[in-house]
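Colleague: Just a sequence and a predicted model for now, questions to come.
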Amino acid sequence: MSRPRFVGWLLVLVTLLAYLPILRDGFLNFDDRDYVTENQLVRQGLTWPGVQWAFQTWHASNWHPVTWLSHMADCELFRLNPAGHHLVNLLFHVANVWLLFRLWRRLTDALWPSAVIAALFAWHPLHIESVAWVAERKDVLSTFFALLALLAYTEYAQSKERRSEVGGQRSEVSDRSPPSILHLPPSLAYGLSLFCFALGLMSKPMLVTLPFVMVLLDFWPLKRFGSRPPTSDLRPLTSDPGPQVSSLRSAVLWRLVFEKWPFLLLALASCVVTILAQRADAIAPLTKFSLGLRMENAISAYASYLYKTIWPAHLAVFYPLFQPAWPTVALAAAFLLAISALVWRRAKSQPWLAIGWLWYLGTLVPVIGLLQVGDQALADRYTYFPLIGIFLAGTWAAKDFAQHFLLSNRWLTTAAVLTLAACLTVTEHQLRYWRDSETIFTHALEVTADNATARLNLGGALQEEHRPAEALNQYRQALKLDPASPEVCNNLGRLLNDAGKPAEALDYCRRAVVLNEKSAPSHNGLGVVLTELGHFDEALNEFSTAARLNAGYAAPHFQTGRVLLKLGREAEALPQFREALRLEPGNFGMLIFIARVLASDQNSQARDGTQALALAQQAAQLAGGPQPVVLDTLAMACAETDQFDAATNLAQQAIATALAGGNRDDAAAMRERLELYQQKQPARISYQAP
């Protein structure tokens, strides 16, 4: 095996071993619900309606159909087993490591510097978020296509250089480059690069800066800007060649920029679509975050990312946005200007410094906060592609430093090994916090101050774990930090309502609606509380508003059906239930409730034993194991279809399972139904309100 191939496989193997712990991690309650766990079209796997939806939707405030299709493919293969989803993220990350190594080998023919860049990219702790978070599939996926696009572009550029001989000499690039892996003519390589760029934009629109990266590579290491222009551009030299040389350089620069017009056109289209997708819900107005605050935060964020690159401590899944202190902003601005001045002075003698620095600055522009999306000051995941520039500049600077001071290769190797070992150590430590929602948000609270978002999501995790008192404490603290958060108010209302305190919940739910009148979940939550309080007409109005605000939201249809049942209007309730199941065919709770209604409602016109049995069987498949409520519902459906022996057997299993779980009250109700089945009678339940 050749040395480059061995190094490439070693990078792949170590990266796999380093990130294997993520396979034990679960889904998070932060974005994973929107992307996978509560997205019914995604959960159904690869279906034609899902594919159509992927290309038509702005769900999650983005247009990224390729990302949606990748999540659907995961659900097709692994359903909701989080290990499979994490594995795919890891495989894309590993592929990116190999592609990055291959790209810089192709560009520079420098084996060990290319390996160090790829290793830093693979093992740096700032990249954990993009790999260990299922919802950030868009990071690893878009970078995969970006690196493929750059490889194809490199093939295109070097093929053109090989074919354009001036004065009988080939370009320097073609002489030093390793053999091509694509073997494509320039036109096909260009088309492949454009196609991969389009796929990358459809994975994450942050990739709009890739044409800018291509121009940087034209300067170095491709050195296309330094090559002589085509013969048609040459003119007889005058006695003063200075202006002519400058003119020729400008002509070459414009030629290289114009060469990328299809890429720029795609980038422009992606920008327009992204703004349209995010303007309604995601982009924060200037009244919330002023332009001055955004600029100050952008300067601080650029410096913070560099600091975290060198000293990756206190990493968090969410960093709240606050007004930075002016001395901090001034110091960050001076630091950034000093680096910019240094790389400008060294641009001719050490071009990798300027290329790496501009790569970092340019590729962060879409997410630096000038167009603020969300409430975060910065995010580790935003550095996944931009930090390649810093790794490039740092690696080549270290190599140049060693050569300048005549240091031995042993010194350089030792420094590289220690740096990479430190990255691996910190990464292994940081991966422990990604186990589940509770651990990641508890850690965020430990390393950040006044983090309302972390408290909100930690409260949600505790509520799911049936720890209402702890969840309530987190919600109340979150509300103190952010009194204008409709999400916190909505969660507080839901928690209090579940605790049997609908009167207390009502105030929070009304406040959530006032804070965000366009939030369908807030209107739905208010309707649920009003239902508990017996205000059925008001509840129906809220559910109607929620359904109007979000046509793909199943909950208000389901809740409307429940209210109509309470009012004895079964004929109107059933169409609402059917619509809810159409929108969310895999919703376990809805399947169980509707199956029980169809199997046991006192109104014969509302019963349909065959359909009840089908829905109960579907719920049983989703349950993945014996659950008392599933067995009890199956028994009710079997009894309604005159399968009383089967109903008796299922009811007995349901009672035994309920008792094993300590649910004595449920078991008592099941015994009453069992006696009916033994007498060849189906169960009958009234769903009307008193």
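Modeller: That came in fine, so what should we check first?
Colleague: Would you mind measuring from N457 to L151?
Modeller: 38 Å (Cβ to Cβ, to the nearest Å). Every residue, glycine included, has its C-beta placed from N, CA and C.
Colleague: again with L574
Modeller: Applying Cβ to Cβ to L574 and L151 gives a distance of 57 Å.
Colleague: which one of these two has more residues nearby?
Modeller: Shown here are L574 and L151; by other Cβ atoms under 10 Å, L151 has more neighbours (23 against 20).
Colleague: just checking, the more buried one touches L103?
Modeller: Yes. When contacts are counted by Cβ atoms under 8 Å, L151 is listed as touching L103 (5.4 Å).
Colleague: residue ranges with poor pLDDT in the protein?
Modeller: Residues of the chain meeting the criterion pLDDT under 70: 1, 162-182, 226-246, 248, 280-282.
Colleague: what about 50?
Modeller: 165-175, 227-239 (pLDDT under 50).
Colleague: tell me the phi and psi of the spatially closest residue to L358 that is not a sequence neighbour?
Modeller: Closest residue to L358 apart from its sequence neighbours, by Cβ to Cβ, 6 or more residues apart in numbering: L216 at 5.8 Å. Dihedral pair for L216: phi -60, psi -40, per degrees, to the nearest 10.
Colleague: Pull the number of nearby residues for L216.
Modeller: Neighbours of L216 (other Cβ under 10 Å): 20.
Colleague: how much space between it and N587?
Modeller: Applying Cβ to Cβ to L216 and N587 gives a distance of 49 Å.
Colleague: cool, V66 as well?
Modeller: Taking Cβ to Cβ, one finds V66 at 27 Å from N587.
Colleague: now S203
Modeller: From S203 over to N587 (counting by Cβ to Cβ), the distance is 28 Å.
Colleague: tell me, how many neighbours does N516 end up with?
Modeller: 18.
Colleague: Over to L336?
Modeller: The burial count for L336: 16, using other Cβ under 10 Å.
Colleague: Strands of the stretch 251-400 of the chain, start to end?
Modeller: Counting by DSSP state E, counting those that start in this stretch, one finds no strands in the stretch 251-400 of the chain.
Colleague: Can you show me the helices along it?
Modeller: Secondary structure of the stretch 251-400 of the chain (DSSP state H, counting those that start in this stretch): helices at 261-278, 291-310, 326-345, 351-363, 387-404.
Colleague: just the stretch 451-600 of the chain next, same as before
Modeller: So, for the stretch 451-600 of the chain - with DSSP H, counting those that start in this stretch - the helices run 452-464, 468-481, 486-498, 502-515, 520-532, 536-549, 555-566, 570-583, 588-600.
Colleague: how about the CA coordinates for the first one, as CSV?
Modeller: What follows is helix 452-464 as a C-alpha-only set of coordinates in CSV (Å, rounded to 0.1, in the frame of the first residue of the first chain):
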residue,chain,number,x,y,z
ALA,A,452,-32.9,30.8,28.9
THR,A,453,-32.9,28.4,25.9
ALA,A,454,-30.9,25.8,27.8
ARG,A,455,-33.3,26.0,30.7
LEU,A,456,-36.3,25.7,28.4
ASN,A,457,-34.9,22.6,26.8
LEU,A,458,-33.7,21.1,30.0
GLY,A,459,-37.2,21.6,31.4
GLY,A,460,-38.6,19.8,28.4
ALA,A,461,-36.2,16.9,28.9
LEU,A,462,-37.2,16.6,32.6
GLN,A,463,-40.9,16.8,31.8
GLU,A,464,-40.5,13.9,29.4
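Colleague: Now do the buried residues in that helix.
Modeller: 452-463 (16 or more other Cβ atoms under 10 Å).
Colleague: what's the answer for stretch 99-119, then?
Modeller: Applying 16+ other Cβ under 10 Å to stretch 99-119 flags 99-108, 110-111, 113-119 as buried.
Colleague: In this structure V116 contacts L420, no?
Modeller: Yes. Counting by Cβ under 8 Å, V116 does reach L420; the two are 7.4 Å apart.
Colleague: before we move on, the earlier item: just send the helices of the stretch 451-600 of the chain back as CSV, with distance to A146 too.
Modeller: Output for these, formatted as CSV (distance: least, Cβ to Cβ, whole Å):
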stretch, distance to A146
helix 452-464, 29
helix 468-481, 37
helix 486-498, 33
helix 502-515, 39
helix 520-532, 35
helix 536-549, 36
helix 555-566, 38
helix 570-583, 35
helix 588-600, 39
